[in-house]
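for reference, the sequence and a predicted model appear below.
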Amino acid sequence: MARLQTLGNRVTTQGNRLATAAPGSWRTGKTTSSQRGYNYEWQKARLDHLNDNPLCVYCEREGRVTAANTVDHIIPHRGDMTVFWDRSQWMSLCAPCHSSKKQREESHIWHY
């Protein structure tokens, strides 16, 4: 039986692949979600909101019933804690809607 030759290390390093904040961004220097405001207090408020609003707003608009698992800020808060905690600006979304539709909307609407 023929012997396999080793292929060596075929994995190259990619450097730091984590997204970094753009210069001047409100996220600069805030490496954890807690530093960006998503702390224990947020987790409690998020759970309360999802209990009161359990369905994805975007799916409901399209006639689908989908459980939400994300509380999204209708107006991006950009580090403004007044906007961050304004519950009238929160909406429930499922993960696929939050990852695609909402982010696509923000990339077209919110140019700072």
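All right, it came through fine. Just so it is clear, the model here is predicted, and its values are computed rather than measured.

ok, for C59, nearest residue in space, not its chain neighbours?
T66 (3.9 Å; C-beta to C-beta, 6 or more residues apart in numbering). (C-beta placed from N, C-alpha, C; glycine too.)

now that neighbour: how far from C56?
4 Å (C-beta to C-beta, to the nearest Å).

overlap in contacts of those two?
Overlap of the contact sets of T66 and C56 (by C-beta atoms under 8 Å, 6 or more residues apart in numbering) consists of C94, C97.

how close does the residue nearest to C59 get to E41?
The spacing between T66 and E41, counted by C-beta to C-beta, is 27 Å.

what about these two, which has more around it?
More crowded of T66 and E41, by other C-beta atoms under 10 Å: T66, with 19 against 11.

now E41: how far from A68?
For E41, the distance to A68 - C-beta to C-beta - is 20 Å.

do E62 as well
Distance of E62 to A68, computed by C-beta to C-beta: 14 Å.

more neighbours, those two?
Taking other C-beta under 10 Å, E62 and A68 do not tie; A68 has more neighbours (23 against 9).

just the pLDDT at that one, thanks.
For A68, the pLDDT comes out at 97.

so it sits right up against D52, yeah?
No: in this structure, A68 is not within contact of D52 by C-beta atoms under 8 Å, at 10.8 Å.

residues touching the residue nearest to C59, list them.
Going by C-beta under 8 Å, 6+ apart, T66 touches L55, C56, C59, E60, C94, C97.

show me where pLDDT drops low in this structure?
Within the chain, the stretches with pLDDT under 70 are 1-2, 4-27, 30, 102-103, 105-112.

mind listing the helices for it?
For the chain, the helices defined by DSSP state H cover 40-52, 57-61, 81-84, 95-97, 103-109.

out of those, nearest to T31?
Using C-beta to C-beta as the measure, helix 40-52 is the one of those that comes nearest T31, at 16.7 Å.

where's D86 relative to A45, distance?
Between D86 and A45 the computed distance is 11 Å (C-beta to C-beta).

now swap in L55 and tell me
L55 is 18 Å from A45, by C-beta to C-beta.
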